[in-house]
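[1] make a model of this:
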Amino acid sequence: QVQLVESGGGLVQPGGSLRLSCAASGFTLDYYAIGWFRQAPGKEREGVSCISSSDGSTYYADSVKGRFTISRDNAKNTVYLQMNSLQPEDTAVYYCAAGSCDVVAGMEPYEYDYWGQGTQVTVSS
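    Modelled structure (predicted):
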């Protein structure tokens, strides 16, 4: 059974950090690009970052560039999203997904085949 499970979300103060994990089971992550999306209440799901399967090249949305870092550990079948300097506008449910990653054009939800259940990130004082 193909499954992606996110963890690491929580409540953090503005300026704080969190590291999200995306663990895969039922398939090998290194054959897929992995993306992180987020969805805030009342807003559309937006692509945050993705990492390619081939050479590890990455894409970041402008809103998180310089603050978030995506990485993958194929031996652990896990992808991480290190989030620093978090701000209230980063509050959302964060999802990881397996699909494709265009480091120039960005990422769209329809390009991803498998999704996790999401983890809540709340940035508030």
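
[2] against Tyr60, how distant is the most centrally placed residue in the chain?
    Computing the C-alpha centroid of the chain and ranking residues by Cα atoms, centre = their mean puts Trp36 first, at 2.2 Å. Taking Cβ to Cβ, to the nearest Å as the measure, Trp36 falls 10 Å from Tyr60. Heads up, the C-betas are built off the backbone N, CA and C, glycines and all.

[3] give the intersection of the neighbour lists for those two.
    Counting by Cβ atoms under 8 Å, 6 or more residues apart in numbering, the shared contacts of Trp36 and Tyr60 are Val48, Ser49, Ile70.

[4] keep only those of the residues you listed that are in helices.
    Judged by DSSP state H, helices contain none of these.

[5] of the residues you listed, which belong to strands?
    Per DSSP state E, strands hold the following members of the shared contacts of Trp36 and Tyr60: Val48, Ser49, Ile70.
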